[in-house]
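**Q** Compute the structure for the input listed below.
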Amino acid sequence: MAFFGGGTLPLDDPAVQIQSNSETVTFVIKVTVSHIVLNLNHLIETNVVIDRVSHEIVTVASVDEYTAFPGIEYTLYGIYGILELPAGPCLIGITAATLIGHVLNSPIYQLDDVVIIPFIEGLQHLNTTELRAHQVSLNRITQLMHTPHWYFSPKYDLTTSLQHQSLMLSDAALGAQSLYDRADSRFFWNQPLLARLVVVPELRRVVFPVIMGFVQIIPGLVTHNAAPTRPTVASTQTCTYILLSRRSHIRSGTRFCRRGIDTQGHVANFVETEQIVVAGSRVSSFVQVRGSIPVFWMQSPNLRLTPTFRIAFRKDHAAAARRHFLDLSLRSGNVLAINLINSTGKESALGDAFSKIVHDIYEHQNIRYVSFDFHKECANFHWENLSTLLHSVHDTIDVNKFMVGVYQDHTISLAGRQTGIVRTNCIDCLDRTNVVQAMIARYVLLQQLEVLELTSHNQTLEDSTPGFEATLKTVWADHADVCSEQYAGSGALKADFTRTGKRTLTGLVMDGYNSATRYVRNNFFDGQKQDAYDLLTGRLNMRDARVVRALADGNYGFAQPSSGWIAQMTPYALLALTAILAALALLFPISSIWSLFLLLSVAWLALVADATRHPHLFVSQPCLQEKEEEAPPPSDSPPSHSHLRHGVDLTTVKSE
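**A** Residues are numbered from 1 along each chain as shown. Here you go, the predicted model:
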């Protein structure tokens, strides 16, 4: 995106909490027959012109000779990037955004709408297949970009935690870099699409990251300190609570299309969540992450409620996991890995593999691994057993601490650092993970409020800040729904517990509804959604004829089914048979009802039987399919770990 980006945190007035008088900075773009003109003179004292024929991007002092021609003008908040589609490169511009609040005086926007402008005028140069693929691609991108999950800021780095920002900006060289250069590439969703723009040096000063995730800013929370430790500390103060989640684009995708880890150590559904409290010139931040089990595994949709887990057995799981945990350690320090999957049944094979990997890499990483069978321990509404998990890990969380800082000289002076991170996972890293992350966040929040002198020791959240408890639950429940929608296509399960602190009948009904929604979307729509993710992150090569053909034909996946044309034609034959018998039923009214009933029963039974035999013909598959490597059948007996190294910090938490 093109927008103004500063080199330091804009903390001009330490007394100002989260208010700003800065005006929204926009610019005008004009599209003529021959050029796309970006009027950026008021931002970087130059302008940018894109030649729609040669695709050359240049800077010019004056745009008069280009804007003299008739064209269409757009007022943009920024530019997402340049996307390659079958019709050629297209410029994605942000035409609408909503200001949702401020973080450290910097405005935070939610992206509302975009415009896609092709470099090449018209679509006459496309053949029928390319035209269809282009239209499908536009529909996919538009649907994904219109989801309310995109955020950006012209000044604040949404890709990086406050602690890392303060460390970078304390270095003169790093602090002088543009927002584009110092952003965390993992969460910089539009970075791949900005490559063609930033070759123009001036544009590095006006492009900035867009994140996919969740941002909620709650200002004006009144706190009451029952026993201030210093006479200068007021008993009543105000603070702002911010919950910010940033999703990684590197292994982004949908629930059954992206699982596990890749060779570089990137895991699916990797989300970093930051809890920020701001009180005057004081600020505190706590970061935790979630991510798929760091094993090479897949779970392809096959019309079953729970598709089979497949673990690749010819992959070097330990090497990939070592890269994953090394990256976490280098960025965040000690790692507390909480695994919430079932210890028995289908999920246990993944748990055993995860446990073995931690054993294998323990000598090289500082990891504490904790296994907590969420479904078993919390069965029959025994949610109080979650306190057993918190009791077993709170010592590690206390040692790792959280970030505390003070505004000073346009930067943040660190008074305390977070020296470790909690990594939580279940199978989907959604429902069970949401509950546990919210519990940990609440536990740390009480400490953050005390360190910021907003509350006193042993003071409850409700006593110190009336209404904050309900607000916190609502924010975390909304956060759970958004994370679930992005990955699984529905709201979160168990959200009633996060929202109210207990399980309810309404919550159980909603869980059933959301489960049904997930089943339909995961089986019949996620292939298309995965294509949208791959398009928007530049992973789909539009110069590959197979990609174009797959998009045009709706034949997701290049592999031809081994069942042949008979299986593929079965649904259509049943449909034709239904139409014929329906016509005959109209001609013979006496037996029409029974004829139609018999027809539909036979047809659907045959269709279900065919779907069971050949599910790949019915489920939605993405263009880019990861190679599936199935593991040998698991043994009935649990794997032996006698050969593993001793002394590793492995914990299995069980309630009494």
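**Q** Run through the stretch 101-250 of the chain and note the low-pLDDT ranges.
**A** Flagging of the stretch 101-250 of the chain using pLDDT under 70 yields the residue ranges 172, 232.
**Q** Okay, strands next: where are they in it?
**A** 106-118, 150-152, 210-224, 236-247 (DSSP state E, counting those that start in this stretch).
**Q** Figure out how far the third one is from the centre of its chain.
**A** With CA atoms, centre = their mean, to the nearest Å as the basis, strand 210-224 stands 18 Å off its chain's centre.
**Q** and that strand, what does it pack onto?
**A** Under the contact criterion of 3 or more CB pairs under 8 Å, 6 or more residues apart in numbering; DSSP states H and E, strand 210-224 touches strand 88-103, strand 106-118, strand 150-152, strand 236-247, helix 461-464, helix 468-488. For every residue, glycine as well, the C-beta is placed using N, CA and C.
**Q** tell me the most buried of those?
**A** Mean neighbours per residue, mean count of other CB atoms under 10 Å, is largest over the helices and strands packed on strand 210-224 for strand 150-152, with a mean of 24.
**Q** residues making contact with that strand?
**A** Identification of contacts with strand 150-152 by CB atoms under 8 Å, 6 or more residues apart in numbering yields 1, 3, 77-78, 94, 97, 100, 108-111, 158, 189, 208-213, 215.
**Q** Okay, now the unreliable bits of the protein?
**A** If you take pLDDT under 70 as the line, the chain has these spans: 1-24, 172, 232, 363-365, 409-410, 554-617, 625-656.
**Q** Recalculate using a threshold of 50.
**A** Across the chain, the ranges flagged by pLDDT under 50 are 1-23, 555-565, 628-648, 656.
**Q** quick one: the most centrally placed residue in it from residue 446, how far?
**A** In the chain, the residue lying closest to the centroid (CA atoms, centre = their mean) is residue 247, at 3.2 Å. For residue 247, the distance to residue 446 equals 27 Å [CB to CB, to the nearest Å].
**Q** Also residue 472?
**A** Counting by CB to CB - residue 472 and residue 446 are separated by 11 Å.
**Q** what does residue 204 give?
**A** Counting by CB to CB, the gap from residue 204 to residue 446 is 42 Å.
**Q** what do you get for residue 240?
**A** Taken as CB to CB, the span from residue 240 to residue 446 is 17 Å.
**Q** Looks like residue 368 contacts residue 336 (just checking).
**A** Yes - taking contacts as CB atoms under 8 Å, residue 368 lies within contact range of residue 336: 5.1 Å.
**Q** Mind listing the shared neighbours of the two?
**A** Shared contacts of residue 368 and residue 336, defined by CB under 8 Å, 6+ apart, comprise residue 396.
**Q** for the stretch 251-400 of the chain, what spans make up the strands?
**A** 271-279, 282-290, 297-298, 310-311, 334-339, 367-372.
**Q** mind giving me JSON lines with those strands and columns for mean neighbour count?
**A** Formatted as JSON lines, these follow (neighbours: other CB atoms under 10 Å):
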{"stretch": "strand 271-279", "mean neighbour count": "23"}
{"stretch": "strand 282-290", "mean neighbour count": "25"}
{"stretch": "strand 297-298", "mean neighbour count": "23"}
{"stretch": "strand 310-311", "mean neighbour count": "20"}
{"stretch": "strand 334-339", "mean neighbour count": "23"}
{"stretch": "strand 367-372", "mean neighbour count": "21"}
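**Q** Could you dump the ones you listed into JSON lines with distance to residue 622 added?
**A** Below are these laid out as JSON lines (distance: least, CB to CB, whole Å):
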{"stretch": "strand 271-279", "distance to residue 622": "21"}
{"stretch": "strand 282-290", "distance to residue 622": "23"}
{"stretch": "strand 297-298", "distance to residue 622": "13"}
{"stretch": "strand 310-311", "distance to residue 622": "17"}
{"stretch": "strand 334-339", "distance to residue 622": "28"}
{"stretch": "strand 367-372", "distance to residue 622": "32"}
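**Q** closest one to residue 401 among these?
**A** Distance to residue 401, taken as CB to CB, is lowest for strand 282-290 among the strands of the stretch 251-400 of the chain, at 8.7 Å.
**Q** And the closest one, how far out from the chain middle?
**A** That offset, for strand 282-290, works out to 17 Å (CA atoms, centre = their mean).
**Q** what are the pairing partners of it, and which direction each?
**A** Strand 282-290 sits in its sheet next to strand 271-279 (antiparallel), strand 403-408 (antiparallel), strand 420-425 (parallel), going by DSSP bridges.
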